[in-house]
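Peer 1: Fold the following and give me the result.
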Amino acid sequence: MSKYAYLDWLDFDLAISRLYDRYKGIEFSGVYGVKRGGLALAVALSHQLKLKFLNKPNTDCLWVDDIIDSGATFVKYDGKCKDYCCWVARKTSNKYYSVVLSKKWVVFPWESAKHTDIKEDYRKYVERIT
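Peer 2: You can find the predicted model right below:
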């Protein structure tokens, strides 16, 4: 069993569909995506929900990121936006919605395994959390 979770563009489309189903009909001023990983997800979701893509978060926006791992990025924004979501989270929380829970090292479709040293990235990650 692999210690890596490889997500592809079909998984991306399914995540957007799940997020759309959850947030359709809810009023937001727009969608804010955390730079860099959250951008692709936020742009696609803003199109689906027919909402503006925001360059800055605000108290009435939907905050989006690709992953909530340690929670450090999320904590910076907690309480500053209307709602929070991500594609992948390490653990569940009542403060944000996640499409997928995974303890594995995640490789997103925009991270080409051919051009990324996944083993080295994973080693650094394990060093950081232990």
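
Peer 1: got the buried residues for the longest helix seen in the chain?
Peer 2: In the chain, assigned by DSSP state H, the helix with the most residues is helix 9-23. Neighbour counts over helix 9-23 (16 or more other Cβ atoms under 10 Å) mark Asp11, Phe12, Ala15, Ile16, Arg18, Leu19, Tyr23 as buried. Quick note: C-beta positions are derived from backbone N, CA and C, even for glycine.

Peer 1: same question, stretch 74-83
Peer 2: Buried, per 16+ other Cβ under 10 Å, within stretch 74-83: Phe74, Tyr77, Cys81, Asp83.

Peer 1: helices and strands of this structure: which one has the lowest mean pLDDT?
Peer 2: Lowest by mean pLDDT, DSSP states H and E among the helices and strands of the chain is helix 118-129, with a mean of 67.

Peer 1: what's the longest helix of the chain packed up against?
Peer 2: If you count contacts as 3 or more Cβ pairs under 8 Å, 6 or more residues apart in numbering; DSSP states H and E, helix 9-23 packs onto helix 37-49, strand 83-89, strand 97-101.
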